[in-house]
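In: give me coordinates for this.
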Amino acid sequence: MTPRVVTTNATSRYRVGADSKYLVSALSLASEYTVDALFTASDPRLPFVPPASAPSNGSAVAWARYQKNWTRFFVQVAVVGFVLYRVKKSFV
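Out: Sure thing, here's the model as predicted:
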């Protein structure tokens with residue numbers, strides 16, 4: 001004998017809310033442009049904030065950030081490597 005709960009459809013007991021039934025269905029049929037326009041529309045009461053833009057000397061700023069003193073870094077790595085090598089060698 002199979003219980004009645006097993007034979008009935010489990011989804012028939014769940015009631016879908018109005019937001020899921022109508023809003024999500026409509027948004028899934030709309031184009032991506034339309035959905036983006038709806039969800040990214042700004043509030044007219046808020047002040048306009050212009051989008052951030054890259055500085056005119058952006059390349060120079062990036063090179064200044066990444067082209068640091070590599071000699072010091074390589075010396076530190078060499079010293080740490082040498083110390084680890086000596087510590088490992090002393091345990092063997």
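
In: so R45: helix, strand or coil?
Out: Three-state assignment for R45 (DSSP: H, G, I helix; E, B strand; the rest coil): coil.

In: and the longest helix along the chain, how far out from the chain's middle?
Out: Longest helix in the chain by number of residues (criterion: DSSP state H): helix 70-91. Chain-centre distance of helix 70-91: 37 Å, with Cα atoms, centre = their mean, to the nearest Å.

In: how about stretch 46-57?
Out: 22 Å.

In: what's the end-to-end length of that stretch?
Out: Distance between the two ends of stretch 46-57: 31 Å, counting by Cα to Cα, to the nearest Å.

In: check which residues of it are buried.
Out: Under the neighbour-count criterion of 16 or more other Cβ atoms under 10 Å, stretch 46-57 has nothing buried. Bear in mind the C-beta positions are built from the backbone N, C-alpha and C, glycine included.

In: contacts for it, please.
Out: With contact meaning Cβ atoms under 8 Å, 6 or more residues apart in numbering, stretch 46-57 is reached by V61.

In: ok, 10 Å please
Out: Contacting residues not belonging to stretch 46-57 are listed as 42, 61-64 [Cβ atoms under 10 Å, 6 or more residues apart in numbering].
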